[in-house]
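A.B. asks: here's my sequence, what's the structure:
(2 chains)
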Amino acid sequence: MKQVLAVLTVVAVIVLFWYGSCIPMNIKGALTELERDGAEVQPPKASARRDLGEFGLVLNNAFAIPATWDQKKPRLPSPHQVTIELWETTIQKKITSKRSLIYHGWVTLSATMLGFVIGTGLGVLLAVGIVHSRVMDLSVMPWAIVSQTIPIIALAPMIIVVLYSVGVQGIIPKAIISAYLSFFPVVVGMVKGLRSPDAMQLDLLRTYNASRSQGFWKLRLPASMPYLFASLKIGIAASLVGAIVGELPTGAVAGLGARLLAGSYYGQTVQIWSALFAAAILAACLVGLLGLIEKSVLRRMGMAQ
Amino acid sequence: MNTESTTRPVIEAQQLDLTFQTNDGPIHALKDVNLTIDRGDFVSFIGPSGCGKTTFLRCIAALEKPTGGTLTVNGMTPDEARRKRAYGYVFQAAGLYPWRTIAKNIKLPLEIMGYSASEQEERVSKVLELVDLKGFGGKFPWQLSGGMQQRASIARALAFDADILLMDEPFGALDEIVRDHLNEQLLALWDRTGKTIGFVTHSIPEAVYLSTKIVVMSPRPGRITDVIDSPLPRERPLDIRDSAEFIDVAHRVREGLRAGHGDDV
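C.D. replies: This is a model prediction of the structure:
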C-alpha cells in the first residue's frame, strides 16, 4: 500500500510538472490562436509580445492558460492530449490500420526481437570465444568496444544503404542495427559470468580430470546465468532503440520510428509524443517480461532464494 | 591387488622443492621435503601459515608442479594419478554449486567420470548415509548449515573410487562443537573405508586426535621439522584427548612448531 502511494505520488509530481511546463512552452502559439479568434491579448502588438518572453506573457494573459493545454499543434502536448492520442490509435483503431500504434509497434517489435535474438546469439558466441581463447580476448574485445563508440545514428543509414545495394531490405537491416546495439552488453556480461567461477571451483574440476567442455557446461555456463539475464535486460532495450533508429532513414514506411519521423515532418507533436510513449511502454514490457523469465529460471536453478 | 601395490607407499616425496616466482622475487614454498605415506595412513600436516602444508597437498593433487625432487602417488607421477582419478580433494570451503541440489552436487564427479545413471543414484545414497546426510539430497546448498555443506563436500569426494582423500583445512571455518563432531565422524569414516587421508590443519588437538602420522612443518622456506608416528590406538573416543599419551603427543607437536619458528617469533 505504501509503495503504491509512493509510486502514485511520483507520477502525480511528473504530471503536474508536465502541465506546468506546457504553459510557458505553448503560450505564444495559444495567444496567436486566441487573438485570431477575437480575444483581447496583452500586449496587443505582436512585436511587443515577442520582446516580453514566455513568463511575462503568462502573467499578462492568465486567461489563456487552459488554451495552452488544448492546442492542435502545441510545442509540448499536454498529458491528456498524449493519453487520448494513445487511446485512439491503439484501442479504437483496427490493428490493420496504418494509423494504429499497435500495427506500428508490431513492425518495430518484430525487428527488435529478431535483432535481439541475433545480437544475443552473437554476444554469447563471442563471449565463449573470448573466455576460451586468449587470442580472441586480445583481438575481439577492443573491436567490440570500439564498435559501440560510433554513434548508431551515423552508422544506421550506411548499413541500410549497403544492405539495400546487395538486395537485402525490409526487416533484416533493422534487425542488424538492433543486433549491433544489443550484442555488446551480452558480450560484456557473459564474459564476466563465464569467468565468475573462482579458482577453487576450477581446481575442483581439475581434480576430477574434467575436460574443457565439461567445465563449460557444468560450471561456467550455469554460473553465468545471473550475469546473462542482467545483460539481456540492457540488450533488449538497446535492441528496441536500434530498431527505431533503423526505421528513421528507411523513408518512413512503418514502425514506431516511422511514426516519429512522420510526426516531425508534419509538426504533429502529439503523434510524436504518443509514439515515444508507445516505445517506452514497449521497452518496459520487454524488460519486465525478461525479469519474469529470469525469476522463474533462477528459481528453477535454485539460485533465487 | 598384488602384494607389491599393497606394500608400496601410496605417496612418496624425495627432496621435493617448489619455488614460486613472484614480483617480489622467488618464494621458497617447499624445500627438501622427504615423506612416505603408507596405505591406510591418516596423515596430518600442521604448521603456521606459509609453511607449505597446503602447497604440499596441492603438489600431491597435481594442482601445483614441484620445481625439484621427485614425488610419486600410487607409484605414478601426480599428474598421471590425477588423470586416473586417484584422489578426492576436499577444499577449505565446501564449494557446492548453488544451482545443484546436494544429490546433484555429489553426482557432479560421477557425471564427469561417466558413471551410469543407476550407479550414480546408488553411490549418492551410499555416501549421503556415510556422512550422515540421508534425506537431504533434494535440498539446495543454501538450505544447509556450514557443517552440513562441508559434509556434503566430503561426500562428493567419497562418491567415486579414489582410495586417497586429500583434505585442506576442511573444518577450518566451523565452530568447535561442530568440528569435534565432524572429527569423530571422519575417523569412523576412515575406519570403514580404509582410505589413505592427507589432512591439513592449524589445530594441534585436531591433528593429534585424527592422525596416525603427524607432519610438523615450518615456514621460510617451507620444510618438515618433525614427523611423529602416533602411539594412539585406531579406536579413538573423543575423551582420549584427556589421556596422558594424547597430551604427550600434543606436547611434542607444540615443541616441533616452536622449534620450527626459530627466533622469528
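A.B. asks: going by C-alpha atoms from here, please, whenever you check contacts or count neighbours.
C.D. replies: OK.
A.B. asks: residues in contact with stretch B:37-44?
C.D. replies: B:6-12, B:194-201, B:207, B:210-215 (Cα atoms under 8 Å, 6 or more residues apart in numbering or on different chains).
A.B. asks: quote the end-to-end distance of that stretch.
C.D. replies: 11 Å (Cα to Cα, to the nearest Å).
A.B. asks: can you check stretch A:67-77 too?
C.D. replies: Per Cα to Cα, stretch A:67-77 runs 11 Å from first to last residue.
A.B. asks: show me how far that stretch is from its chain's centre.
C.D. replies: Mean-position distance between stretch A:67-77 and its chain equals 25 Å (Cα atoms, centre = their mean, to the nearest Å).
A.B. asks: on that earlier part again, out of the contacts of stretch B:37-44, which are buried?
C.D. replies: By neighbour count, with 16 or more other Cα atoms under 10 Å in any protein chain shown, these hold B:9-12, B:195-201, B:207, B:210-215 as buried.
A.B. asks: indicate the residue of chain B located nearest to chain A.
C.D. replies: Relative to chain A, the nearest point of chain B is B:Trp99 (4.8 Å; Cα to the nearest Cα).
A.B. asks: so the chain: which segments form each domain?
C.D. replies: The chain I'm using is chain A. A:2-76, A:101-300 (automatic domain parsing).
A.B. asks: meant chain B actually
C.D. replies: Domains of chain B are assigned by automatic domain parsing as B:3-86+B:164-261, B:98-161.
A.B. asks: tell me which of the domains of chain A sits most buried.
C.D. replies: Sort the domains of chain A by mean neighbour count, taking mean count of other Cα atoms under 10 Å in any protein chain shown, and domain A:101-300 sits at the top with a mean of 20.
A.B. asks: hmm, that one in reach of chain B?
C.D. replies: Yes. Counting by Cα under 8 Å from any Cα of the partner chain, chain B is contacted by domain A:101-300 at A:200-201, A:203-204, A:206-210, A:214, A:222.
A.B. asks: can I get the domains of chain A in CSV including mean pLDDT?
C.D. replies: Listed next are the domains of chain A as CSV, based on pLDDT from 0 to 100:
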stretch, mean pLDDT
domain A:2-76, 89
domain A:101-300, 92
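A.B. asks: ok, which of those domains comes nearest B:Gln149?
C.D. replies: domain A:101-300 (14.9 Å; Cα to Cα).
A.B. asks: now that closest one: how far from the chain's centre is it?
C.D. replies: Worked out by Cα atoms, centre = their mean, domain A:101-300 lies 12 Å from the chain centre.
A.B. asks: on that earlier part again, can you put the domains of chain A in CSV and add distance to B:Leu63?
C.D. replies: Formatted as CSV, the domains of chain A follow (distance: least, Cα to Cα, whole Å):
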stretch, distance to B:Leu63
domain A:2-76, 53
domain A:101-300, 7
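A.B. asks: B:Pro221 and B:His28 touch, don't they?
C.D. replies: Yes. Between B:Pro221 and B:His28 there is a contact under Cα atoms under 8 Å: 5.1 Å.
A.B. asks: who are the contact partners of the residue nearest to A:Ser78 when sequence neighbours are not counted?
C.D. replies: Counting by Cα to Cα, 6 or more residues apart in numbering or on different chains, A:Ser78 lies nearest to A:Trp69, which is 5.4 Å off, once chain neighbours are set aside. Residues in contact with A:Trp69 (Cα under 8 Å, 6+ apart) are A:19, A:22-23, A:26, A:77-78, A:81.
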